[in-house]
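[1] my questions are about this predicted structure, shown below with the sequence.
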Amino acid sequence: MHTLWVTGIPGAGKTILSYIAERKLIMEWGQKCVVIDGDVWRQVEANTDHSAEGRKKNITKMAAFANRLNKMGYITFVPTCSPQAEYRELARQVCGSFHEIYLEVPVPVARQRVPERWAKADEGIYQNYPVVHTPYEAPKHPELHIDGMKTLAEVGDALFSYVVHLLERDRIK
């Protein structure tokens, strides 16, 4: 199966996009899939932080878990910022079938979507926050680039259609 690594700045809508596509695949295709939410993962893996080493550790573990689920026949969605290209490349190496999905949203829009997170980053409560403290390196050649300014239905359909294309290519239905 496939891992769809959904990246974008904080507040882009990565998680909601992943859950929309997951639900449609389950309901319309009966496909086994799961979302490995980066925020939830951090709560479970409480011993990691947002440092470069902490991010690398988290991304490696999420990618390994996604790969294991892929081998069990699941499509996995991993909505996580993974701000540096090297981290996403590491995930690509760990996963068998990796697809980088870039959800692009302007910073002012992302700030409006989750103002409390951005405020905590601005105040220094959150350290190493992408865009505020560390750069976010947008993917140069993602397998799918989604304009996050479109409606939820449109962005959800874009990701869903991409996965359906993969399934049809693999001749699975």
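    Alright, I've got the coordinates.
[2] what is the subsequent helix or strand relative to the host helix or strand of residue 53?
    If you go by DSSP states H and E, residue 53 is part of helix 52-71. With elements assigned by DSSP H and E, the helix or strand that comes after helix 52-71 is strand 75-79.
[3] listing partners with orientation, what would you give for that next one?
    Strand pairing for strand 75-79, determined by DSSP bridges: strand 3-7 (parallel), strand 33-35 (parallel).
[4] and that strand with helix 52-71, angle?
    160 degrees (axes from the mean of the first three to the mean of the last three CA atoms, to 10 degrees).
[5] which outside residues touch strand 75-79?
    The contact list for strand 75-79, computed with CB atoms under 8 Å, 6 or more residues apart in numbering, reads 1-6, 14-15, 17-19, 21-22, 25, 31-38, 62-63, 66, 69-70, 91, 163. The way it works is simple: take the backbone N, C-alpha and C, and place the C-beta from them, glycine included.
[6] ditto for stretch 29-39
    In contact with stretch 29-39 (CB under 8 Å, 6+ apart) are residues 1, 14-15, 18-19, 22, 25-26, 58, 62, 65-66, 69, 72-82, 164, 167, 172-173.
[7] so for the helix holding residue 53, mean pLDDT?
    For helix 52-71, mean pLDDT rounds to 90.
[8] what packs against it?
    strand 3-7, helix 38-44, strand 75-79, helix 85-94 (3 or more CB pairs under 8 Å, 6 or more residues apart in numbering; DSSP states H and E).
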